[in-house]
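The amino acid sequence is not available; the structure is as follows:
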């Protein structure tokens, strides 16, 4: 059996886990300097020691291949090796995007940049050179040209490449190009196919105006209105100082932020049959609040159309869709019931085949080949074979969430019990016994007592993160003598002798 590796990483970020595994794999491959006899060390004149020899390119590629073998999922990583250079690598399935570009400097040389979207490159004046292929690494070293290296050769397998379709639906900026495919043009095709879906399924439609839900749905709504021959209007003004409500962690915070984020223009809703176009409907929280605002602004009827299919399954590749119970379409398949839940008069969803065609047809138009797309949140087919069946993902995610909350509550409770029991000891206090002696916890910056089966206090969960991130002071030992704890008398000032 392979040797077991034990490590404790005090973080909730998977990026730190990836980099920790990479650093560990790289350290194993760097040879240690030979040990010299003590006589040679004593005879060597004192001075600064020479810098250690850095890793070779082969060692870096092997370390990245080790990470790809152990970490299954979607990721794109950019890291810096001190004194060596910058690396960027992408998961073997290409689920998450990674682009790179260059721009000239004043000296005539070029500087290079890695980003998850090409929009970040062009905004800073960089020329887009392309995307890091799936399972590849880009090596950037000072004074050398960028080098693309295949990291899947040591693994001996070539998994299916399937970029995440939700990048084109929601996450990416419209001006970005992912894997050679324009996000803006893909969303135009989504709006066109959504309009065709409305024509096929809703012959006697009464729509006066098409209004997008800012900002992501604007492109699809514009093409949808053009295909339907209906006026396009802006009906909501977005507050630029409120972030995306979709990725906010709490349900109450999402509801409150929707009201603060959007403000309706009453003249565009008054006495009209309105078709709202959104990029997707996930939990239904945002849609419910937006439909309510449209009715309050005077809309006669409110219909809503989604440029994406119903989201029925959790996403395990980095998108905040943790449990199936939170997803609106996972519990209801009847469109009339979904419309009633969110308060709409009618709900229209994009077909999954049309969504795939919108991206693949745009790829064919520009001469780019895309073999497949990851649509796991729509159809439950996960591109990584190690993922459990879709019916088990929600249960596992819920169990992990409960376990994490329980652990944090226990840690918080133990921290407060330890703080109350480690006050300054009196002179008559006995030394701690072996059973109650504090033990070093897995966190290297705090001391805690051994775990006790006591229930967590009511507010333990709220202060759990604070108790982890804030190191506690090392406890004062009771083994010091009373004389050692007695403060020394302050020295008196000597009087000058006349």
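Alright, I've got the coordinates. If you're wondering where the values come from, they're calculated on a predicted model, not measured in any experiment.

what about residue 54, neighbour count?
The tally of other residues near residue 54 (other CB atoms under 10 Å) stands at 13. For glycine as for every other residue, the C-beta is placed from the backbone atoms N, C-alpha and C.

What pLDDT is listed against it?
pLDDT for residue 54: 77.

any idea whether it is helix, strand or coil?
Here residue 54 is coil, with the state taken from DSSP: H, G, I helix; E, B strand; the rest coil.

which SS state does the residue nearest to residue 124 when sequence neighbours are not counted fall under?
Residue nearest to residue 124 in three dimensions, not counting chain neighbours: residue 113, with 6.9 Å by CB to CB, 6 or more residues apart in numbering. When classified by three-state DSSP, residue 113 comes out as strand.

If residue 113 is in a bridge, with which residues?
Going by DSSP bridges, residue 113 is paired in beta bridges with residue 101.

residues near it, how many?
That count, for residue 113 with other CB under 10 Å as the rule, works out to 21.

Contact partners for it?
Counting by CB atoms under 8 Å, 6 or more residues apart in numbering, residue 113 touches 100-103, 120-121, 124, 126.

Name only those of the residues you listed that count as buried.
100-102, 120-121, 126 (16 or more other CB atoms under 10 Å).

Distance to residue 136 and pLDDT for those - can I get that in TSV?
Listed next are the buried ones among the contacts of residue 113 as TSV, based on distance: CB to CB, whole Å; pLDDT from 0 to 100:
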residue	distance to residue 136	pLDDT
100	11	97
101	16	96
102	17	95
120	20	94
121	18	96
126	19	97
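
And for stretch 345-355, what's in contact with it?
Stretch 345-355 is contacted by residues 165, 169, 190, 193-194, 196-198, 201-202, 281, 301-310, 329, 335, 338-339, 375, 378-379 when judged by CB under 8 Å, 6+ apart.

go on, stretch 264-272?
With CB under 8 Å, 6+ apart as the test, stretch 264-272 has contacts from 208-209, 211, 233-237, 293-294, 296-300.

same thing but 6 Å
208-209, 233, 235-236, 293-294, 297-300 (CB atoms under 6 Å, 6 or more residues apart in numbering).

Which strands or helices does the helix or strand hosting residue 63 pack on?
Under the criterion of DSSP states H and E, residue 63 resides in helix 57-70. Identification of packing neighbours for helix 57-70 by 3 or more CB pairs under 6 Å, 6 or more residues apart in numbering; DSSP states H and E yields helix 14-29.

So for the helix it packs on, what gets flagged as buried?
Judged by neighbour count (16+ other CB under 10 Å), helix 14-29 contains these buried residues: 17-19, 21-22, 25-26.

Just want the angle from that helix to helix 57-70.
130 degrees (axes from the mean of the first three to the mean of the last three CA atoms, to 10 degrees).

Show me what helix 14-29 is packed up against.
helix 57-70.

what residues does the helix it packs on touch?
21-22, 25-26, 29, 89, 92, 137, 149, 151, 154-155.

State the pair within the residues you listed that is farthest apart.
Maximum pairwise distance in these, criterion CB to CB, is 20.3 Å, between 29 and 92.

Count the residues that sit near the closest residue in space to residue 218 that isn't next to it in sequence.
Distance criterion CB to CB, 6+ apart; nearest residue to residue 218, sequence neighbours excluded, is residue 212 at 4.6 Å. A total of 26 residues lie near residue 212 under the criterion other CB under 10 Å.

show me what contacts residue 212?
For residue 212, the contacting residues are 218, 221, 277, by CB under 6 Å, 6+ apart.

Residue 378 too?
For residue 378, the contact set (CB under 6 Å, 6+ apart) comprises 309, 352.

which parts of the helix or strand hosting it are buried?
Here residue 378 sits within helix 376-379, counting by DSSP H and E. Buried positions in helix 376-379, judged by neighbour count with 16+ other CB under 10 Å: 376-378.

circling back to that earlier point, mind giving me TSV with the contacts of stretch 264-272 and columns for secondary structure, pLDDT and distance to residue 69?
Below are the contacts of stretch 264-272 laid out as TSV (DSSP: H, G, I helix; E, B strand; the rest coil; pLDDT from 0 to 100; distance: CB to CB, whole Å):
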residue	secondary structure	pLDDT	distance to residue 69
208	coil	96	57
209	strand	97	54
233	coil	96	53
235	coil	95	51
236	strand	94	47
293	helix	92	50
294	helix	96	51
297	coil	95	55
298	coil	95	59
299	coil	97	55
300	coil	96	59
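
Residue 86 reaches residue 139, doesn't it?
No. With contacts counted by CB atoms under 6 Å, residue 86 stays clear of residue 139, the gap being 8.0 Å.

Same drill for the two, tell me which one is more crowded.
For residue 86 versus residue 139, neighbours defined as other CB under 10 Å are more numerous around residue 139 (21 against 17).

Dihedrals phi and psi, the more buried one?
Torsion angles at residue 139 (phi, psi; degrees, to the nearest 10) stand at phi -110, psi 120.

that older thread, next, format the buried ones among the contacts of residue 113 as CSV and append distance to residue 268.
Converted to CSV, these look like this (distance: CB to CB, whole Å):
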residue, distance to residue 268
100, 42
101, 40
102, 45
120, 33
121, 36
126, 39
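
Check those and tell me the two furthest apart.
Pairwise distances across the buried ones among the contacts of residue 113 (CB to CB) peak at 13.7 Å, for the pair 102 and 120.

Nearest spatial neighbour of residue 80, chain-adjacent residues omitted?
Leaving aside its chain neighbours, residue 80 sits nearest to residue 86 (5.1 Å; criterion: CB to CB, 6+ apart).

Am I right that that neighbour is in a strand?
Yes. According to three-state DSSP, residue 86 belongs to a strand.

for stretch 158-167, what is the average pLDDT?
Stretch 158-167 comes out at a mean pLDDT of 92.

So which bits of that stretch are buried?
Neighbour-count burial for stretch 158-167 flags 159, 161-167 (criterion: 16+ other CB under 10 Å).

Check the separation of the first and last residues in it.
One end of stretch 158-167 sits 23 Å from the other (CA to CA, to the nearest Å).

other SSEs contacting the strand or helix carrying residue 277?
Per DSSP H and E, residue 277 falls inside strand 273-278. Under the contact criterion of 3+ CB pairs under 6 Å, 6+ apart, strand 273-278 touches strand 209-212, strand 301-306.

Near the residue nearest to residue 207 when sequence neighbours are not counted, how many other residues are there?
Nearest non-adjacent residue to residue 207, counting by CB to CB, 6+ apart: residue 275, 4.6 Å away. For residue 275, the number of neighbouring residues by other CB under 10 Å comes to 26.
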